[in-house]
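Enquirer: 3D, please:
(one chain, ligands or ions: 1)
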Amino acid sequence: MTSDAPKPEQGRPERLSEGDVLDHKPEGWWGDHGLIYRLFEFETYQAGMDFAVRVAELAEAQNHHPVITVMFKKVKITYSTHETDSFISGVTQLDLDGAEAVNSLFAVEGASTPYLKAPPPGAADQG
Ligand SMILES: C[C@H](O)[C@H](O)[C@H]1CNC2=NC(N)=NC(=O)C2=N1
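Expert: Numbering: from 1, shown residues only. Here you go, the predicted structure:
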């Protein structure tokens, strides 16, 4: 008897379980319902917009594109993978890699752009 369940799509990234996402999500990111996301705060609207542009450049370089929501002095970045091995969108290693890269970008920008609000000391270990 052959199973009629769709076979994992060859060459597409594996959709991770919720548990794997929680275990491996980068510092400061939240994960649920097939998404990971983080809210970044800035001193000005323009600083947030500048950061959003840098995230877009990163996404193009990685060919992996998050949803970028620009608000007043806040930017929300949300990653999920549309084309997974299981035919439905969800979190894959590509999203974890992207989120890690966005964290590095924020850390660097924080160092060089006075308008970015660096996380308060000790905020990192609040997950
Ligand atoms: C053809 C191109 O490589 C694909 O459409 C890429 C583009 N960027 C992407 N971004 C995201 N978030 N998920 C994808 O599955 C995806 N696929």
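Enquirer: from the ligand, how far off is residue 44?
Expert: Separation of residue 44 from the ligand (Cβ to the nearest ligand atom, to the nearest Å) stands at 28 Å. Placement of C-beta: from N, CA and C, glycine included.
Enquirer: likewise for residue 69?
Expert: Distance, residue 69 to the ligand, using Cβ to the nearest ligand atom: 14 Å.
Enquirer: give me phi/psi at the nearest residue to that residue once chain neighbours are set aside?
Expert: In space, and not counting its chain neighbours, residue 69 is closest to residue 76: 4.2 Å by Cβ to Cβ, 6 or more residues apart in numbering. Torsion angles at residue 76 (phi, psi; degrees, to the nearest 10) stand at phi -110, psi 130.
Enquirer: how many neighbours does residue 76 have?
Expert: 16 (other Cβ atoms under 10 Å).
Enquirer: try residue 38
Expert: 21.
Enquirer: swap in residue 46?
Expert: Neighbours of residue 46 under the rule other Cβ under 10 Å: 11.
Enquirer: one more: residue 62?
Expert: By other Cβ under 10 Å, the residues close to residue 62 number 13.
Enquirer: can you check the one 10 residues further on too?
Expert: Here the neighbour count serves as a burial measure; for residue 72 (other Cβ under 10 Å) it reads 8.
Enquirer: residues touching the closest residue to it other than its chain neighbours, list them.
Expert: Leaving out its chain neighbours, the residue that sits closest to residue 72 by Cβ to Cβ, 6+ apart is residue 45, at 5.6 Å. Listed by Cβ atoms under 8 Å, 6 or more residues apart in numbering, the contact partners of residue 45 are 70, 72, 73.
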